[in-house]
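[1] sequence? don't have it. structure:
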């Protein structure tokens, strides 16, 4: 993958077969597949951050963990080595770093290389990629470009209008940009949101904060799942990693598949079942209605996971952990007031209100100098877009772990429904 040489005293573009953008799950998995299946291919990974991990390196809020099981979220070629299917962010980062080191994938990664633009030339049948590194612009040429940049904006979280937020005298934090080493112990905290991030934050914050109040406009389905099965530990000790890893991957894959089928084809029964399981986990002071009765049917949105019921346990163990459901009237100097008149005090407001969608990592993409807008174009096979040659993007499934969809794309063939034989159900994001 050497540099082509010098011309007029300037460094020429480095020429490659494939250039991968992003060293997260998608980029690492694609690199492994290229290395193992196309060993003669020259390629590199350009990563704007200082570490591998992508999302798992970016998000550092308290309690950050997976919301998919790691037996299917982990790489097929290096099974998740721990018995717990749900894991904290730091353990997932460590796993990814170990995978990169074990298979010598680090030799392909260029850190602190922020890709700025990519232009396809019809004349040369190559992509010309510009990246910023140490304040300088570097150029690369590649036959193929693969975007492993995910689906959201790393810099700008989703902005939501919260009435009167400018009045608040305390600290406002979005989980995407959680302050490093921020000490929230002994503080009163309001978490605005009801998605996976809020469900993860509440039990962690409640352990040391003076009070935690979850404020939600509408409830989500929150499912408790066992995260420490003795049978899984026994299986992993008894069988070789390759066999136990494959077996657990298939078991968990079919488990979520059957859950999705149940929710889609028996929605009323699924709703009744999910709500009935939540009720006995709540303390008597908190009613399941309206706080745990979503207005939508199960799997119209993904279910929120609570490993070992830690979310519900936070309400049982700490009487200062509370929940408010409804519309915010206004944020005050020291808290907020709901439209029904209920109030909550806070030193900190956490706006767990979602992510800003962004395809392509904010890279300016052109074909023969003409700007390409991702919106309004047809998508082929969940991995290529109309009128853009020799470019692929990696995306996961809605109904299953991201990595399964990413691996289907990396194999450069039509999706195989989780890489095993399954009826056609999963769809891409």
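    On my side now, so go ahead. Predicted, not measured: the structure shown is a model, and the values here were computed from it.
[2] where in the stretch 1-150 of the chain is pLDDT low?
    1-11 (pLDDT under 70).
[3] any idea how far residue 402 is from residue 73?
    As for residue 73, its distance to residue 402 is 7 Å (criterion: C-beta to C-beta, to the nearest Å). In short, each C-beta sits where N, CA and C put it, glycine included.
[4] please enumerate the shared neighbours of those two.
    Here residue 73 and residue 402 have residue 25 as joint contacts, going by C-beta atoms under 8 Å, 6 or more residues apart in numbering.
[5] burial count for residue 88?
    By the criterion of other C-beta atoms under 10 Å, residue 88 has 16 neighbours.
[6] ok, now which ones touch the nearest residue to it once chain neighbours are set aside?
    Using C-beta to C-beta, 6 or more residues apart in numbering and skipping the chain neighbours, the partner closest in space to residue 88 is residue 65 (5.0 Å). With C-beta under 8 Å, 6+ apart as the criterion, the residues that contact residue 65 are 86, 87, 88, 89, 200, 307.
[7] mind checking how far the fifth one is from residue 308?
    Residue 200 sits 13 Å away from residue 308, taking C-beta to C-beta as the criterion.
[8] these two: which has the busier surroundings?
    residue 200 (29 against 15).
[9] are we agreed that the more buried one is in a strand?
    No - counting by DSSP: H, G, I helix; E, B strand; the rest coil, residue 200 falls outside a strand, being helix.
[10] give me the distance between it and residue 145.
    Separation of residue 200 from residue 145 (C-beta to C-beta) stands at 34 Å.
[11] before we move on, the earlier item: among the contacts of residue 65, which are located in helices?
    89, 200 (DSSP state H).
[12] list the residues that contact residue 252.
    Here residue 252 is in contact with 69, 71, 72, 85 (criterion: C-beta under 8 Å, 6+ apart).
[13] and the closest residue to the last one other than its chain neighbours, its phi and psi?
    With C-beta to C-beta, 6+ apart as the measure, residue 69 is the residue that lies nearest to residue 85, at 3.8 Å, once sequence neighbours are left out. Dihedral angles of residue 69 (phi, psi; degrees, to the nearest 10) stand at phi -70, psi 140.
[14] residue 357: neighbouring residues, count only.
    10.
[15] likewise residue 288?
    Count around residue 288 with other C-beta under 10 Å applied: 15.
[16] chain neighbours aside, what residue packs nearest to it?
    Looking at residue 288 with C-beta to C-beta, 6+ apart, the closest residue is residue 279, at 4.8 Å.
[17] how is residue 271 assigned, secondary-structure-wise?
    Of the three states, residue 271 takes helix under three-state DSSP.
[18] again with residue 236
    helix.
[19] ok, the closest residue to it other than its chain neighbours - contacts?
    Take residue 236 and drop its neighbours on the chain: the residue closest to it by C-beta to C-beta, 6+ apart is residue 244, 4.9 Å away. Counting by C-beta under 8 Å, 6+ apart, residue 244 makes contact with 79, 235, 236, 238.
[20] fine by me, we can end here.
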